[in-house]
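1. For reference, the sequence and a predicted model appear below.
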Amino acid sequence: MQRGAEHLYSYIGGYIYMRNSTIISVLAYSMSAALPLTIAIPSVASARDTSSLNLPAMPLEQALQAIQAHTGEKISYDPDAVRGQMSSPVQNARTAQQAVAQAIRETSITQGKNRSGELIVGNDILVIARPDESELNTLVRGKTSSSRTGQTLREQPRNTSVVSSKTIEDQQAQSIFEALRNVAGVTMRPGSSQGGGSYSIRGFSAGGIVNGLPASSNGGGVAVGVSQPIDNIERIEVLKGPDALLSGSESLGGTINVVTKKPNAESSLSTRLGTGSWGQVRVVVDGTQALNESKTLSARFIASAADAKRNYGGYTGNGDYLVSPSIRFKNSNTDITMTLNASRQTIGFSPFIPLNQVTRQPYDIPHDKPIFTKDQSIRIGSTQFYVEATQNIGDWLTLVGRAQHEDQSLFIKSAGIQASIDGSGTVIAMPAPTSQKGNADTVDGYARIKVTTGPIKNTLTVGGTYVDNKMNSFVTSQNTFAMLNIFTDTVNIVTEADQNDYTRKGSQFGLYAQYLVEFWKFHLLAGVRRNETRSEINYHTWNPRTVIQKDTGYSPSYGIVFDVAKNFSLYGNLVYGYLPNYELDANNQKLPNNKTRNLEGGFKLDLFHNRALINASYFSLKQSNRAVADPLNPGKQMVEPGQLGKGVDFSITGQISRDLSVIASYTHTKFKLLSPSIYGQYVTAQPKDQYSINGVYSHTFEGGYRAGLSLALRGNSKAPNTQNGSFWTPASRQFDGNITFAVGKFDMNLGVRNIFDRTNYSPTPSSTLLPLMEPRNWRLTAGYKF
């Protein structure tokens, strides 16, 4: 007992020494009766090993023992705190303190020293902000802003995929489009003459949210998240299946949640320099540190600048500029973050090949030669102010509030090809600029209540969301309609969009509730959202008028998880999505809303001591109806039965051995219309098969340097451009490779994309143009951590 007491007071004294605070001293004294004994690991090394230490992820207790065996430094730990915990990989650690810091970085555990100078590892009495796991790992398991119940991505009854910032950096991705190539089932469409880029999930439009906040593309004309600068992204969460409860009225096939980086209390400063094909240059600086001694207040500053002489089609080179300061206060009960993102992006017009209307094949023209003029691009400006606050009141109530204001501008300068009319290269074009300026305000708040009644755990979440946005659209007052030939003609595009075409105002107000019941091995989830939307459009040029539309809808959702074993669970869900339809038919009657229903069942399996995760499911995603052009009444629309997609979705992510990690996914979907359409039988722009596999081998050699090789294969099957099957986009397949090297604080990454220089096209619903994907190109990145 006396020896145990000595350990006990040593343990408490270590915490007091770590905090150097009278308050913590009082807390430690009051908790002394409940604190467990610490275990002092016997020293097994007669002399300290001065070589660097590298360890894979393993049970934390084993990692602590391995660290002491290597360094010969005594470590005491709380067995209850480390029990069941997994360590993070340890790389190039020179001291026991460095090694322990790396091993515990993804846990709530902390380390310090007692008055005898011994390392102590245990639960952190004062919780501080730590680096998010997505900045360190390929596999992301933690809690997410996409869940109102506090569930982790692993615990949710749905198929999810996450692209971490570590993966983004390792693959040298320069846009969200490039990062999403890791996720099968997501179809990306590059920017066109009609607006910014967009994406779909499982054949239907995807709702975009940022940090869990829904917003409308009407606010700036660009799909939410598409224009988010890549250097400030912590992770991209792809939530497959509709989720109107989360994102409101714009989620038919799924939701993409873009999570931005936050400050943490671990002091770090890094810089990255990059170059590549077509004169690419990129500079990134990222620094974060604590601002006070208790480490409750931290700040982060991220800045990046990029430019290129041209893009791979010979059009304007891509460029982007970002400044993002943020500040965070975090202790055991309160977490408040404020972030400012200011960015300016220039995206060279996505290269395309016009389709020959006679042969129904792409014209044989040089892929790096711009059509009509090289001066075609999309410019996006965005200023976002975001604040998030979480307050825990005891262990039963959590209050969460989020708010964001965004000002956004969009300017598109394009040749505006509308139709290809013969086999000689003649097209109908409207070479003119368009622009949009808008703003959006979003507020979301909810309360999460947890109550345990006997063996049953109850979690009730109630909250509301309000979105308000306004957008002005401008066009040129000049008549630019022309018949042009892609082989012989050049044009000078008018530089100013000087006429206000229309003004759109929109709002969305939603109330939602979720109830999670957990008992034995079951986790049951049910939720419902009531959503009110309002749209007001003022047309200023052609047929001036004001059109006001309102809609109210309800969206339920249900989910279940059954834990077969600690590392294996079954799940199922029934979720709904909807999109208000404000179009009128020939009788000036409002068309019915577009609704979707997703029925899904699958399993999740943890492998290799939770270092890897398999997620597999079978889904059936059904659409109620589709709005199509009425052939008998030009300018009006009519309703046809919707479409159905049934398929399987499989992914594996994580570290499968000490030196090998993998990110792989495959989706097979059978699409069909619920009934024959007057326009044809095919579902356009949706390939039946999509796949992505990326393997990374990285080994640390004696001497402390690390080298690695990664290979990736991504592609999809062919897809129909038109409902009648008259035009098809060929299958695509692309191989990428990277060689990495790191020593000390320096690292380097050389990548070659589309190694075999295959000509690939993006799926499209157009019978006029085929979007061209990147040819073979290279990228070189060098980084240094101060």
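-> Structure's in. What do you need?

2. CA atoms for contacts and neighbours, from now on please.
-> OK.

3. Relative to Ile548, how far out is Ala586?
-> Separation of Ala586 from Ile548 (CA to CA, to the nearest Å): 18 Å.

4. Repeat that for Lys688.
-> Separation of Lys688 from Ile548 (CA to CA): 39 Å.

5. Of these two, which one has the most company?
-> Lys688 (19 against 13; other CA atoms under 10 Å).

6. so Phe673 touches Val683, yeah?
-> One correction, residue 673 is Leu, not Phe. Yes - in this structure, Leu673 is within contact of Val683 by CA atoms under 8 Å, at 6.9 Å.

7. Overlap in contacts, these two.
-> Listed as contacting both Leu673 and Val683 by CA atoms under 8 Å, 6 or more residues apart in numbering are Gln643.

8. neighbour count winner among the two?
-> Neighbour count, other CA under 10 Å: between Leu673 and Val683, Val683 has more, with 24 against 21.

9. can you confirm the more buried one is in a helix?
-> No - using DSSP: H, G, I helix; E, B strand; the rest coil, the secondary structure at Val683 is coil, not a helix.

10. That one: what's it in contact with?
-> Going by CA under 8 Å, 6+ apart, Val683 touches Gln643, Phe671, Lys672, Leu673, Pro720, Thr722, Gln723.

11. And it, how far from Arg158?
-> According to CA to CA, Val683 stands 25 Å off from Arg158.

12. Same question for Ser717.
-> Going from Ser717 to Arg158 by CA to CA gives 25 Å.

13. Same check on Leu136?
-> Counting by CA to CA, the gap from Leu136 to Arg158 is 24 Å.

14. Tell me which of these two has more neighbours.
-> Set Leu136 next to Arg158 and count neighbours by other CA under 10 Å: Arg158 wins out with 27 against 17.

15. Distance check, the more buried one against Gly559.
-> Distance of Arg158 to Gly559, given as CA to CA: 8 Å.

16. Kindly report the same for Gln172.
-> According to CA to CA, Gln172 stands 36 Å off from Gly559.

17. so where's this protein shaky on pLDDT?
-> The chain contains residues with pLDDT under 70 at 1-50, 80, 108, 113-117, 123-127, 191-197, 215-227, 244-250.

18. Repeat the analysis, applying 50 as the threshold.
-> 1-38, 43-47, 125-126, 193-195, 217-225 (pLDDT under 50).

19. can you pull out the strands in the stretch 551-700 of the chain?
-> Listed in chain order, the strands of the stretch 551-700 of the chain (DSSP state E, counting those that start in this stretch) span 568-579, 594-607, 612-623, 625-629, 637-641, 643-655, 660-673, 689-700.

20. Give me the contact list for the following helix or strand past the last one.
-> Tracing the chain past strand 689-700, the next element assigned as helix or strand by DSSP states H and E is strand 706-716. For strand 706-716, the surrounding residues in contact (CA under 8 Å, 6+ apart) are 181-182, 687-701, 731-743.

21. Quick one: classify the closest residue to Ser726 other than its chain neighbours as helix, strand or coil.
-> Nearest non-adjacent residue to Ser726, counting by CA to CA, 6 or more residues apart in numbering: Arg360, 7.5 Å away. With three-state DSSP as the basis, Arg360 sits in coil.

22. is it true that Arg360 touches Gly725?
-> No - assessed by CA under 8 Å, Arg360 is found out of contact with Gly725, at 10.8 Å.

23. beta partners of the residue positioned nearest the centre of the chain?
-> A centroid search over the chain (CA atoms, centre = their mean) returns Ile236, at 1.3 Å, as the residue closest to the centre. Beta-bridge pairing of Ile236 under DSSP bridges involves Val163, Val258.

24. I'd say Ala432 and Lys413 touch.
-> Yes - Ala432 is in contact with Lys413 according to CA under 8 Å; the separation is 6.4 Å.

25. any residues in contact with both of the two?
-> Common neighbours of Ala432 and Lys413, using CA under 8 Å, 6+ apart, are Ile493, Thr495.

26. could you measure the nearest residue to Leu355 once chain neighbours are set aside against Pro190, distance?
-> Distance criterion CA to CA, 6+ apart; nearest residue to Leu355, sequence neighbours excluded, is Pro362 at 4.4 Å. Distance of Pro362 to Pro190, given as CA to CA: 18 Å.

27. Neighbour count for those two, which is higher?
-> Applying other CA under 10 Å to Pro362 and Pro190 shows that Pro190 carries more neighbours, namely 20 against 16.
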